[in-house]
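Colleague: Show me how the following folds:
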Amino acid sequence: MVGLAGFEPATSLTVVLKEEGASQTTILHTRTALSSMMQMAWDNGYRKDNPVRGIRLKGVPAKPIIVATRDQFLRVYKALPSQPAKVLARLGVSTGARLCELISFIPDDFDFDADMLDVRRSTVEVTSRYHPTGDRFLTRQYTKNGEHRRFRIDHAVSLMVQEHIAENGIEPRQVIFPVRLFASTEAAGRARLTEDEIDALGFTDELPNGRRYKHGTLGGYVTAQCRCAGCKQWSADYARDRKRRRTGRSAREWSPAWRSDPTEYLGADVWRRIWNTAVDEAGLPFRYTPYQVRHTHASWLIDKGVDLARVQYRLGHGDLQATTRYSARADPRRGRPQGRRSHVGDARRRCLGSELGRT
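Modeller: Numbers count the residues shown, from 1 in each chain. Here you go, the predicted structure:
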């Protein structure tokens with residue numbers, strides 16, 4: 001790294017960082033930080049100039065907007081492992097809501113008679129240092145742009161959410177996508193041995209009394225004190241079954257004690273793992289992230305001919321310029337999207353209609 005004392009000439013910044021293999025983003029951030037430091041030294045009389053201020057660097061190209069066609073989204077949708085995950089994905093592509101808004105929805109946000117949705121809060125993950133009570137999830141009574149919005153949703157989506165709330169016993173003030181519906185209840189750890197593999201282990205070494213015990217049994221673990229994979233698996237199964245008999249539970253259940261937060265908000269990491277697994281199973285030719293579902297919703301609306309101002313309101317953009325980047329990808333000669341967005345003009349009508357309803 002370049003030393004501040006010998007930072008002359010200033011243009012050596014880009015040369016040294018490029019030689020070290022730094023990305024253009026790193027170079028831009030380094031220029032900004034050093035310029036602030038130099039400016040502070042200049043303002044306080046420690047320097048006579050700010051040599052970094054005059055450096056002009058190329059900006060980082062904007063990442064391309066990735067959207068899915070109807071068939072591509074359906075493939076991911078069908079690969080999702082549970083009905084709650086499918087409801088969340090369908091509500092996301094139908095509304096364009098951010099994940100921080102989706103996980104904050106409660107039944108009172110929906111007017112099922114009129115098929116209307118109110119987006120009025122967002123939930124973010126913070127460290128305990130920045131949380132009033134030292135927890136993990138912080139709910140703000142406003143959205144990212146600080147405004148509430150209300151708009152109509154598809155009737156089929158409205159019915160799907162209503163059924164989801166009834167089937168899972170969601171109370172009026174509870175979040176409709178609690179993490180307990182998504183978190184895996186399978187114990188993490190080593191792969192389990194099959195019965196044939198345990199039988200293949202045979203018997204333990206002979207004890208002083210001349211007796212031998214089969215691996216994966218009470219005698220093997222307790223009496224022979226064997227700690228092979230088969231005997232340790234028997235011990236774990238025994239402890240689990242004993243605990244279930246004591247608690248009256250027939251299966252492993254999600255508990256708030258699994259994480260440092262008493263709420264049931266769905267974390268971005270949990271949803272990302274579920275979504276990425278479905279994307280891998282769908283075999284899409286590109287990386288389709290959860291946030292790009294929001295891009296897909298916006299692109300489908302514009303391809304359908306919805307006014308940009310309405311799209312901006314629906315997405316909750318504070319600046320219309322953020323919305324126009326979706327229309328910039330359309331072919332002005334045909335009003336159709338370029339590249340992989342070739343047939344999504346009618347995708348929203350079909351994808352959000354009967355085909356998803358039958359899945």
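Colleague: For the stretch 101-250 of the chain, just list every one of the strands.
Modeller: Taking DSSP state E, counting those that start in this stretch to define them, one finds strands in the stretch 101-250 of the chain at 110-111, 116-119, 122-125, 137-140, 149-152.
Colleague: Run through the neighbouring helices and strands of the second one.
Modeller: If you count contacts as 3 or more Cβ pairs under 8 Å, 6 or more residues apart in numbering; DSSP states H and E, strand 116-119 packs onto strand 110-111, strand 149-152. In this view, the C-beta of every residue, glycine as well, is placed from N, C-alpha and C.
Colleague: Check what contacts the longest one and list those residues.
Modeller: It refers to strand 149-152. Strand 149-152 is contacted from outside by 95, 114, 115, 116, 117, 118, 119, 120, 143, 313, 314, 316, using Cβ atoms under 8 Å, 6 or more residues apart in numbering.
Colleague: Out of those, which is nearest to residue 288?
Modeller: residue 95 (18.0 Å; Cβ to Cβ).
Colleague: quick one, what contacts the closest one?
Modeller: Here residue 95 is in contact with 117, 119, 151, 153, 157, 297, 314 (Cβ under 8 Å, 6+ apart).
Colleague: circling back to that earlier point, give the PyMOL command for selecting the buried subset of the contacts of strand 149-152.
Modeller: With 16 or more other Cβ atoms under 10 Å as the burial test, the buried ones among the contacts of strand 149-152 are selected in PyMOL as follows:
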select buried, resi 95+115+117+119+120+143+314+316
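Colleague: what's residue 85 sitting at in phi/psi?
Modeller: Main-chain torsions, residue 85, degrees, to the nearest 10: phi -70, psi -40.
Colleague: cool, and residue 67?
Modeller: Dihedral pair for residue 67: phi -130, psi 160, per degrees, to the nearest 10.
Colleague: same thing with residue 193?
Modeller: The phi/psi pair for residue 193 (degrees, to the nearest 10) reads phi -80, psi 140.
Colleague: distance of it from residue 237?
Modeller: Per Cβ to Cβ, to the nearest Å, residue 193 is found 11 Å from residue 237.
Colleague: ok so, going back, which one of the helices and strands packed on strand 116-119 is the most hemmed in?
Modeller: Mean neighbour count (mean count of other Cβ atoms under 10 Å) peaks for strand 110-111 among these, with a mean of 17.
Colleague: as a whole number, average confidence for that strand?
Modeller: The pLDDT scores in strand 110-111 average 96.
Colleague: That strand packs against which elements?
Modeller: Secondary-structure packing of strand 110-111 (3+ Cβ pairs under 8 Å, 6+ apart): strand 116-119, helix 155-167.
Colleague: quick one: which of the ones you listed is nearest residue 86?
Modeller: Residue 86 sits nearest to helix 155-167 of all the helices and strands packed on strand 110-111, at 8.4 Å, using Cβ to Cβ.
Colleague: tell me which residues in the closest one are buried?
Modeller: By 16+ other Cβ under 10 Å, the buried positions in helix 155-167 come out as 156, 157, 158, 160, 161, 164, 165.
Colleague: pLDDT of that helix, averaged?
Modeller: For helix 155-167, the per-residue pLDDT averages 97.
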